[in-house]
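1. Could you look at this predicted model? Sequence included:
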Amino acid sequence: RGGGEFGPKWHQAALKAKRNKAYEDFVAVGRDLCDSGLCKPETLAARGGSNGGLLMGNMYTMANSPDGLMFGALHCAVPLLDMKVYSHLLAGASWMAEYGDPDTDDWDNFLYKYSPYHNLDEKTEKYPPMLVTTSTRDDRVHPGHARKMVSKIADMGKGKDWPIFYYENIEGGHGGAADAKQSAFMTALAYNFMFETLSKNIATSNSGGGD
């Protein structure tokens, strides 16, 4: 709800303690696509960067909950993921009006609920395949968000169905690329990941492996 398509009130209705509305919106759209027959969860991919990366992180951790949806593939780019420390890293302090202040009661009251780094569930056997990308020189969202999330998934997901992929571009800023060539590469990387992953999901489903 950051684009302003429906005006300021629409955006403000999903701030801080009401941030869950933005994630519920996205899940609702995904479910409608599946219910309409355009796709199935295993053939539905999503990607987002920055605040959209936080959205993807929450789609990931919510995948097995009644309020979530098991996407076939996710691309999480230059993301915010650890909402406990975000306000202390780079430009994070300027976003507290949006998310809340993790150094106050905001953390216990609502912020932890949409901090993907803190909501990974070790009891979960399956999470959707996810590609996480970032830039070493991102000057707005610290690459540590992506690094620590991927590391935690790799450690906690050993022996489980938690496929995780990571790419860090050593150049570029918050856009994740330094020039048009790098931008084209990063876009191709993301779409190739999603195409290959969804294709494997279809093949597995057709062979009966998804039953």
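-> In hand now; what should we look at?
2. Name the nearest residue to residue 4, ignoring sequence neighbours.
-> Computed as CB to CB, 6 or more residues apart in numbering, the closest residue to residue 4 that is not its neighbour in sequence is residue 11, at 6.1 Å. The C-beta positions use only the backbone N, C-alpha and C, and glycine is treated the same way.
3. How many neighbouring residues does the one you found have?
-> 16 (other CB atoms under 10 Å).
4. And for residue 82?
-> A total of 22 residues lie near residue 82 under the criterion other CB under 10 Å.
5. what residues are up against the residue nearest to it when sequence neighbours are not counted?
-> Excluding its sequence neighbours, the residue lying closest to residue 82 (CB to CB, 6+ apart) is residue 117, at 4.1 Å. Residues in contact with residue 117, defined by CB atoms under 8 Å, 6 or more residues apart in numbering, are 57, 81-84, 145, 148-149, 152.
6. any chance of those residues in CSV, plus secondary structure, pLDDT and distance to residue 201?
-> Formatted as CSV, those follow (DSSP: H, G, I helix; E, B strand; the rest coil; pLDDT from 0 to 100; distance: CB to CB, whole Å):
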residue, secondary structure, pLDDT, distance to residue 201
57, helix, 98, 21
81, coil, 98, 24
82, coil, 98, 29
83, coil, 98, 30
84, coil, 98, 33
145, helix, 98, 27
148, helix, 98, 28
149, helix, 98, 23
152, helix, 98, 24
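7. Which among these count as buried?
-> 57, 81-83, 145, 149, 152 (16 or more other CB atoms under 10 Å).
8. re the thing from before, now, among the contacts of residue 117, which is nearest to residue 15?
-> Top of the list for closeness to residue 15, among the contacts of residue 117 and by CB to CB, is residue 83 at 13.8 Å.
9. Which elements pack onto the strand or helix carrying residue 76?
-> Assessed by DSSP states H and E, residue 76 sits inside strand 73-77. In terms of contacts (3 or more CB pairs under 8 Å, 6 or more residues apart in numbering; DSSP states H and E), strand 73-77 is packed against strand 45-49, helix 51-61, strand 130-135, helix 180-206.
10. Could you tell me how far the shortest one lies from the centre of the chain?
-> When C-alpha coordinates are averaged (CA atoms, centre = their mean, to the nearest Å), strand 45-49 and its chain have centres 7 Å apart.
11. which regions of the chain lie under the pLDDT threshold?
-> Under the criterion pLDDT under 70, the flagged ranges of the chain are 209-211.
12. Point to the residue nearest the middle of it.
-> Centroid-nearest residue in the chain: residue 56, 1.8 Å away (criterion: CA atoms, centre = their mean).
13. and the closest residue in space to that one that isn't next to it in sequence, how many neighbours?
-> Leaving aside its sequence neighbours, residue 56 sits nearest to residue 76 (CB to CB, 6+ apart; 3.9 Å). Residue 76: 32 surrounding residues under other CB under 10 Å.
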